[in-house]
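S.K.: I'd like to go over a predicted model; first the sequence, then the structure.
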Amino acid sequence: MKSKFIDSHAHLDDERFNEDREKLINELSGNGIEMILNPGADLNTSKAAVSLAEKYSIIYAAVGCHPHDSKYMNDETMNIFRELAKSKKVIAIGEIGLDYFYDNSDRIVQSKWFREQIRLAKELDLPYIVHDRDAHEDVFKIMKEEHYDGTRGILHCYSSSVEMAREFIKLGFYISLGGPVTFKKAKTAKLVAKEIPLDKLLIETDSPYLTPEPFRGKRNEPNYVKYVAAEIANIKNISVDMVAEKTNENFKRLFCL
């Protein structure tokens, strides 16, 4: 039986899909893609994610504000996220977190809205999806301080150490690996893939970004999640079918699907 895969993070609302979005989505099931989670990055993309999820059975949505755009956040935006989350196809808050690589928003502002959106996840009893770039210690500190019974979610496109991954897992989170694990020089990602148990891993594309080998440099898409699975299978010396089966189970367990 041909494996089915779940892409736990893809931005199909991105403008790079404008020309062929419908065709691409309609072909996904036939190409072995079972489900996709499309997170929001700001108010407009959150609305777009919900619209896509309500149109296509294969897609689920998350709503939230990426740290890049946290400078535009306010209480009204939070209320809109709260309303959007009433859709049955919204299964998480995200993507939220900290980004110290670009610093597009002030770090204090990023931290404020990261905390506020974690509290929204708690209020709505939803998992949350974390973006962490060059901010590992502060992300962990905030997540630990905001921890509550029922905390759960995903460290998306994980880029920190094995040791830190284990600490995030203790907080109730899954570690999601994407295209970078296929890169030859991605020693840390490959070590995480090797050392973290399969029952704590998810796979993703982060489409249209971070395209895996052998398509690096081209637009990424959910069909390529199988290359992430294949690399993890190679590293762990197990079958691709096993990676697909277990990461699918993890996803469905996390989101009660």
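M.R.: Ah, there it is. Residues are numbered from 1 along each chain as shown.

S.K.: where exactly do the strands run in the stretch 101-250 of the chain?
M.R.: Under the criterion DSSP state E, counting those that start in this stretch, strands of the stretch 101-250 of the chain are mapped to 128-133, 153-155, 173-177, 201-203.

S.K.: Please identify which of the ones you listed is closest to K2.
M.R.: Among the strands of the stretch 101-250 of the chain, the nearest to K2 by Cβ to Cβ is strand 201-203 (16.4 Å). In this view, the C-beta of every residue, glycine as well, is placed from N, C-alpha and C.

S.K.: can you list contacts of that closest one?
M.R.: 5-8, 154, 174-178, 193, 225, 228-229, 232, 243, 246-247, 250-251, 254 (Cβ atoms under 8 Å, 6 or more residues apart in numbering).

S.K.: Show the average pLDDT along stretch 228-244.
M.R.: Stretch 228-244 carries an average pLDDT of 98.

S.K.: What's the end-to-end length of that stretch?
M.R.: 10 Å (Cα to Cα, to the nearest Å).

S.K.: again with stretch 25-40
M.R.: Start-to-end span of stretch 25-40 (Cα to Cα) is 18 Å.

S.K.: Stretch 216-233 too?
M.R.: Using Cα to Cα, first and last residues of stretch 216-233 are 19 Å apart.

S.K.: S29 is nearest to which of the strands of the stretch 101-250 of the chain?
M.R.: strand 201-203 (17.3 Å).

S.K.: Centre of the chain to that closest one, how far?
M.R.: 9 Å (Cα atoms, centre = their mean, to the nearest Å).
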